[in-house]
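Visitor: following is a predicted model, sequence given first.
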Amino acid sequence: MSQKRTTVRRKPLSEINVVPYIDVMLVLLVVFMITAPMMTSGVKVDLPDANAEPLVLPKDQQYVIVSVDHNGQYFVSSADDKQTPKALPDIVKSVAALKQAKPDTPVLMEGDERVAYGLVMRMMIALQQAGVNDVGLVTESGSGE
């Protein structure tokens, strides 16, 4: 007698278990939500639109211009002061004294295009320490290159 062997054919399983993938995705989402705010830091700057109008200052209004030249020297000038290089602590003291006496005095900053970005940021941090909350960035008018 020959025995007939019957084999059971299994159908391929067409379902994918996505529960582990959802768990991993939620863990990653939580990790990114926690770490994203820690990855960015800096000075808040409100940039103007590309077609912004030039800032017009009244001729009788006093303002302060702080500068960084291509050699990395810092300058501060107002109506009373000439362009002489100064150290950042001196700039902090003079700008803080001026802002305390006249809080509405505009502060403008100009930097040479060849100066390192870090030097400009040091100046911005120094202005923030002096109590300046808004800084106007000075550029040359014209079409450029």
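Guide: On my side now, so go ahead.
Visitor: in this structure, where's the longest helix?
Guide: helix 19-39 (DSSP state H).
Visitor: I figured Thr115 hits Tyr74, correct?
Guide: For residue 115 the amino acid is Val, not Thr. No. Contact between Val115 and Tyr74 fails when scored by Cβ atoms under 8 Å: they sit 10.3 Å apart. In this view, the C-beta of every residue, glycine as well, is placed from N, C-alpha and C.
Visitor: show me the shaky parts of the chain.
Guide: 1-3, 38-55, 57-58, 78-83, 140-145 (pLDDT under 70).
Visitor: for it, which segments are assigned as strands?
Guide: For the chain, the strands defined by DSSP state E cover 64-68, 74-77, 85-86, 107-111, 136-137.
Visitor: against Phe32, how distant is Val18?
Guide: Distance, Val18 to Phe32, using Cβ to Cβ, to the nearest Å: 20 Å.
Visitor: what's the answer for Val107, then?
Guide: For Val107 relative to Phe32 (Cβ to Cβ), the value is 37 Å.
Visitor: good, we can wrap up now.
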